[in-house]
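A.B. asks: Quick check, what structure comes out for this input:
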Amino acid sequence: MSCVSLDLFPSDSKQIPLQNNQSLSSEQKITPKRILIADGSRKIAQQIKWVLKDSFSNYDLTFVHSKNKSEMLETLQSENSFDLVIFDWSLDEVSALGTIQYFDTVAPTMPFIVFSEKIHNFALTQGQSNIKSWLLKPTRPQRLADIVEIVLDL
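C.D. replies: Residues are numbered from 1 along each chain as shown. Predicted coordinates:
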């Protein structure tokens, strides 16, 4: 068991033990997973990466950070090979719902996790998008890891 210190999650800004989810035998094949993190804060993106790398150290995870929605759209259009997109709904420049609906048509299997300070009309997206979960900032690191584990079937 290891610990990660997070100030991304203000209510949890102390050492929090994270348990690795599954032990994989050396014979099990590990499928690489690519995760795009779209958040205006490089610090938050880095902390999400640390939590997930620590929680899933037996997996081959690759992370790409986009600092705004325009950059996220460019990255998704040029590299449409992500297993998961974690993004802050409140990034400016582009309609978040429009972005999700656009990628629902061009990449219908690409799951999204919204990680935001506010809940934004979740009812508008239920049943009509690939949003798999909403996480409110602040959240516990283990909660983030649990949701990613479910979405990526780790």
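
A.B. asks: Run a quick neighbour tally on residue 36.
C.D. replies: Residue 36 sits with 24 neighbouring residues when counted by other C-beta atoms under 10 Å. From N, CA and C alone the C-beta is placed, and that goes for glycine too.

A.B. asks: scratch that, residue 42
C.D. replies: 11.

A.B. asks: Can you pull the poorly scored residue ranges out of the chain?
C.D. replies: Within the chain, the set of residues satisfying pLDDT under 70 comprises 1-29, 92-97, 118-129.

A.B. asks: which residues in it form strands?
C.D. replies: Assigned by DSSP state E, the strands in the chain fall at 2-5, 15-18, 33-38, 61-66, 84-87, 112-116, 131-136.

A.B. asks: what's the closest of these to residue 105?
C.D. replies: strand 112-116 (13.6 Å; C-beta to C-beta).

A.B. asks: can you redo the strands of the chain as JSON lines with distance to residue 154?
C.D. replies: Shown next, in JSON lines, are the strands of the chain (distance: least, C-beta to C-beta, whole Å):
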{"stretch": "strand 2-5", "distance to residue 154": "17"}
{"stretch": "strand 15-18", "distance to residue 154": "14"}
{"stretch": "strand 33-38", "distance to residue 154": "8"}
{"stretch": "strand 61-66", "distance to residue 154": "9"}
{"stretch": "strand 84-87", "distance to residue 154": "10"}
{"stretch": "strand 112-116", "distance to residue 154": "14"}
{"stretch": "strand 131-136", "distance to residue 154": "13"}
